[in-house]
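Peer 1: this one's sequence-less:
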Ligand code: SD4
């Protein structure tokens, strides 16, 4: 039996003590939290961007672009796991709390920075989501870094030479980054190549608002990683935010949603899902269904990679 998700290494370095069973004390200043150890690249850059006077969206975009550029863990961005046809199709979204502004792209091919396309959809169209060829066309119109169409065919051959993708749920395929600024406003973004070996055209949870990412500026923000099908069937990040609205600490909210999904799902806890969350007060938490889940947090005290163990099945 797994020990209850509890955490947390080095919390004292963040300036306080975590109550038993919860992560994430309140942070008065800006706080960034992201999935997986490579999330530290994004939280660090996002935090620095805010310090330089950048907007929340600048911070989110800056942090995620670097993970996309590096294709961290061979997952995010064009270096990410190819689909069953041998090439990456990318999903991304961005949300800003004030005004509930959002942009999203799915099934994007040959574009280096899906997060920038998602932001451009939000800022330069009257739409929220673009997919496939339309999303690529829009990215090219905006001049967002792309692999030229004539190189795409050659690239696809190169991608097809790569080792077979890990089975679903085994890879760390998604950067999901949440941000709380010093005024308590919230934003988030995510970017992924999705599930390794997915069918062409498959869209996961990451670009779906309320599934892979949700932000409510009155309450908090939540993000997901893992098997998207097990997240999106339950609108999991929306559910986490709603639990925070009812007064739960982000840690409890993440854990309760894992338990609730496991209670209702035939897979029980074999879900391969992980969550991070932050509330308006700057408290944060994380939970995972059936694995140790490392995540990154940056505050004024620095950047830490923390972890939670899998929740204890009920
Ligand atoms: C998806 N949730 O497309 C993403 C993949 C992921 O760690 O996060 N893997 O299903």
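Peer 2: That came through, no problem. Predicted model only: the values in this text are computed from it and were never measured.
Peer 1: Can you show me the helices along the chain?
Peer 2: 39-51, 56-70, 114-124, 132-141, 149-160, 228-232, 236-245, 250-264 (DSSP state H).
Peer 1: Residue 197: how many residues sit nearby?
Peer 2: 18 (other CB atoms under 10 Å). C-beta coordinates here come from the backbone N, C-alpha and C atoms, glycine included.
Peer 1: er, residue 305 actually
Peer 2: Quick note: residue 305 (other CB under 10 Å) scores 17 neighbours.
Peer 1: From what I see, it and residue 292 are in contact.
Peer 2: No. Using CB atoms under 8 Å, residue 305 is not in contact with residue 292, being 11.9 Å away.
Peer 1: Common neighbours of the two, please.
Peer 2: Shared contacts of residue 305 and residue 292, defined by CB atoms under 8 Å, 6 or more residues apart in numbering, are absent.
Peer 1: Distance check, residue 83 against residue 68.
Peer 2: Note on residue 83: its distance to residue 68, by CB to CB, to the nearest Å, is 17 Å.
Peer 1: wait, doesn't residue 200 sit right on residue 86?
Peer 2: No. In this structure, residue 200 is not within contact of residue 86 by CB under 8 Å, at 9.4 Å.
Peer 1: okay, these two: which has more neighbours?
Peer 2: Taking neighbours as other CB under 10 Å, residue 200 and residue 86 compare with residue 86 leading, 17 against 14.
Peer 1: And the more buried one, how far from residue 198?
Peer 2: Taking CB to CB, one finds residue 86 at 12 Å from residue 198.
Peer 1: How about residue 173?
Peer 2: 10 Å.
Peer 1: Of those two, which one has the most company?
Peer 2: Using other CB under 10 Å, the more surrounded residue of residue 173 and residue 198 is residue 173, with 32 against 23.
Peer 1: can you redo the helices of the chain as a markdown table with mean pLDDT?
Peer 2: Output for the helices of the chain, formatted as a markdown table (pLDDT from 0 to 100):
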| stretch | mean pLDDT |
| --- | --- |
| helix 39-51 | 97 |
| helix 56-70 | 94 |
| helix 114-124 | 98 |
| helix 132-141 | 96 |
| helix 149-160 | 70 |
| helix 228-232 | 97 |
| helix 236-245 | 98 |
| helix 250-264 | 98 |
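Peer 1: Is it possible to get JSON lines of those helices that adds mean neighbour count?
Peer 2: Putting those into JSON lines (neighbours: other CB atoms under 10 Å) gives the following:
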{"stretch": "helix 39-51", "mean neighbour count": "24"}
{"stretch": "helix 56-70", "mean neighbour count": "24"}
{"stretch": "helix 114-124", "mean neighbour count": "25"}
{"stretch": "helix 132-141", "mean neighbour count": "17"}
{"stretch": "helix 149-160", "mean neighbour count": "13"}
{"stretch": "helix 228-232", "mean neighbour count": "24"}
{"stretch": "helix 236-245", "mean neighbour count": "24"}
{"stretch": "helix 250-264", "mean neighbour count": "22"}
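Peer 1: Quick one, which of the ones you listed gets closest to the ligand.
Peer 2: helix 228-232 (2.4 Å; CB to the nearest ligand atom).
Peer 1: what sits up against the closest one?
Peer 2: Outside helix 228-232, the residues that touch it by CB under 8 Å, 6+ apart are 194-195, 204-206, 208, 211-212, 224, 237, 261, 265, 267, 271-273.
Peer 1: any idea how far the ligand is from the residue nearest to residue 122 when sequence neighbours are not counted?
Peer 2: Nearest residue to residue 122 in three dimensions, chain neighbours excluded: residue 103, at 2.8 Å (CB to CB, 6 or more residues apart in numbering). The gap separating residue 103 from the ligand is 18 Å, by CB to the nearest ligand atom, to the nearest Å.
Peer 1: correct me, but residue 103 touches residue 115?
Peer 2: No. In this structure residue 103 lies outside contact range of residue 115 using CB under 8 Å: 9.3 Å.
Peer 1: Now the residue nearest to residue 202 when sequence neighbours are not counted. Its backbone dihedrals?
Peer 2: Excluding the flanking residues, the one nearest residue 202 by CB to CB, 6+ apart is residue 194, at 6.6 Å. With angles defined as degrees, to the nearest 10, residue 194 sits at phi 80, psi -160.
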